[in-house]
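Asks: compute the structure for the input listed below.
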Amino acid sequence: MVDLRFGLESLSGVRFGVSPLLETTLSVGVLSYPEDAAFHLHWVERARERVGDLDLTPVRTLLSRDVPRYAPDFLNPPPSGPCAELEEELAVMAATPARQVREEVQRCYEGRAVPAELEQFITRPRSAIGALAETLREYWQRALAPHWPRICTLLDHDILYRSQALVDGGMRALFEELDPQVKWDGKVLRIEKECTHPTVELDERGLLLAPSVFAWPRVLIVSEPPWQPTMIYPARGVGMLWEPERPAPPDALAKLLGSSRASILAALDRPRSTTELARVLDISAGGVSQHLAVLRSAGLVSSRRAQRLVLYLRSEHGDELVQAVAG
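Replies: Coordinates of the predicted model:
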């Protein structure tokens, strides 16, 4: 059990962040143990083909189930902003002090010998972590970069949902639906998991909440200095991540609105950005923007800014029209 204890200063310091590096390292774990991540089997099959010649032994060993209570924090430095860039995060990881690298690897195997696959992290930590950064960069390009717009949109949607819950109902509304493993009593956030630090006193830095598609079904905690205390939790909608994305509008709707606008309206059963709609429907971004303007002026679509994105969703009238035509 882990207790995150809030004070007055830390209550105002709750923020969200998306980390490409976090998704990268967690996805390596999914490749290692796909039986625990049935949602991702479609991705696993293709990713294994693309990264089969990469030596992922160091990161697999660092995330091994032989060390279930702790994984080195240098693998996942918390993002400094709402959405970090992979290169920025790799640079932070590669700059981890040599002493910290040694200590975190040794802590993984406390009371046991460090595996030979990780010996360089003890004897030559600067070289080892630099090589690890290069491997993760190449892995990202092959396994995740083609899917990142889709993944990032899902994470953005989760943050939008949680942020609105916080505005509407405060901390209780934010945490009560976050995950079954998480409980909030007004001052303490309790997570049902083992951790090297069962109690974490949050300071003015507050708490970073990082949604993840590859963490499911676990909640993970980063509590070691110098990183900001961070809770990584499964994002909403992970089960739909790899479903076919192109909705087929009813023929009658296409006759009424035209095929492109009908396809856009059908696709807006959940919030989507212009870029995502263009990718999913194979329409130019400019064309999507023009169609959205018409649909919005007709009252069929609403829009909302979520951090750096404008997300579009069918309005109540838009839902009624789709349902009536489908019926």
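Asks: pLDDT at S127, what is it?
Replies: pLDDT recorded at S127 is 94.
Asks: give the residue spans of the stretch 51-200 of the chain that score low on pLDDT.
Replies: Residues of the stretch 51-200 of the chain meeting the criterion pLDDT under 70: 65-69, 194-197.
Asks: tell me the domain ranges of the protein?
Replies: When the chain is parsed into structural domains using automatic domain parsing, the resulting residue ranges are 2-238, 251-326.
Asks: turn these into CSV, columns for mean neighbour count.
Replies: For every residue, glycine as well, the C-beta is placed using N, CA and C. Formatted as CSV, the entries for the domains of the chain read as follows, by neighbours: other C-beta atoms under 10 Å:
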stretch, mean neighbour count
domain 2-238, 17
domain 251-326, 17
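Asks: P226: what secondary structure?
Replies: Secondary structure assignment for P226 (DSSP: H, G, I helix; E, B strand; the rest coil): coil.
Asks: what of E204?
Replies: Under three-state DSSP, E204 falls in the coil class.
Asks: what are the phi and psi values for it?
Replies: The phi and psi torsions at E204 (degrees, to the nearest 10) take the values phi -70, psi -10.
Asks: quick check: closest non-adjacent residue to it.
Replies: Distances taken as C-beta to C-beta, 6 or more residues apart in numbering place E9 nearest to E204, at 4.2 Å, with adjacent residues excluded.
Asks: now the terminal residues of stretch 209-222, how far apart.
Replies: Taking C-alpha to C-alpha, to the nearest Å, stretch 209-222 runs 10 Å from one end to the other.
Asks: quick one, grab the pLDDT at V213.
Replies: Looking at V213, its pLDDT stands at 93.
Asks: can you pull the contacts of the residue nearest to E204?
Replies: In this structure, E9 makes contact with 203-204, 206, judged by C-beta atoms under 8 Å, 6 or more residues apart in numbering.
Asks: what's the closest of the residues you listed to V44?
Replies: Taking C-beta to C-beta as the measure, V44 lies nearest G206 of the contacts of E9, at 35.1 Å.
Asks: helix/strand/coil for the closest residue to that closest one other than its chain neighbours?
Replies: For G206, the nearest residue in space outside its immediate sequence neighbours is G13; the separation is 1.9 Å by C-beta to C-beta, 6+ apart. Secondary structure, three-state DSSP: G13 is coil.
Asks: any idea how far P79 is from G13?
Replies: Taking C-beta to C-beta, to the nearest Å as the measure, G13 falls 15 Å from P79.
Asks: give me the most central residue, the protein.
Replies: When the chain is reduced to its mean C-alpha position, the closest residue under C-alpha atoms, centre = their mean turns out to be S212, at 2.8 Å.
Asks: bridged to the closest residue to that one other than its chain neighbours, which residues?
Replies: Closest residue to S212 in three dimensions, ignoring its sequence neighbours and counting by C-beta to C-beta, 6+ apart: I232, at 5.3 Å. On the basis of DSSP bridges, I232 takes part in beta bridges with A210, L220.
Asks: OK, contacts around M171?
Replies: Residues counted as contacts of M171 (C-beta under 8 Å, 6+ apart) are 11, 14, 184, 186.
Asks: if you set the cut-off to 7 Å instead, what comes out?
Replies: In this structure, M171 makes contact with W184, judged by C-beta atoms under 7 Å, 6 or more residues apart in numbering.
Asks: same question for the one 3 residues further on.
Replies: Residues near L174 by C-beta under 7 Å, 6+ apart: 162, 165-166.
Asks: skipping its backbone neighbours, what lies nearest L281 in space?
Replies: Taking C-beta to C-beta, 6+ apart as the measure, L281 lies nearest to S263, with 5.2 Å between them; neighbours along the chain are not counted.
Asks: what helix or strand is that neighbour located in?
Replies: With elements taken from DSSP states H and E, the one containing S263 is helix 259-267.
Asks: next SSE downstream of that helix?
Replies: The first helix or strand that comes after helix 259-267 along the chain, using DSSP H and E, is strand 272-273.
Asks: I would like the residues contacting that following strand, please.
Replies: Strand 272-273 is contacted by residues 153, 309-312 when judged by C-beta under 7 Å, 6+ apart.
Asks: for stretch 281-292, same thing?
Replies: Under the contact criterion C-beta under 7 Å, 6+ apart, stretch 281-292 has outside partners 246, 260-261, 263-264, 267, 274-275, 277-278, 301, 312.
Asks: and these, which is closest to L21?
Replies: T275 (22.0 Å).
Asks: that closest one in helix, strand or coil?
Replies: Of the three states, T275 takes helix according to three-state DSSP.
Asks: residue contacts, it?
Replies: With contacts defined as C-beta under 7 Å, 6+ apart, the neighbours of T275 are 149, 285.
Asks: switch to numbering from 733
Replies: Sure, I'll start numbering at 733, so the last one becomes T1007.
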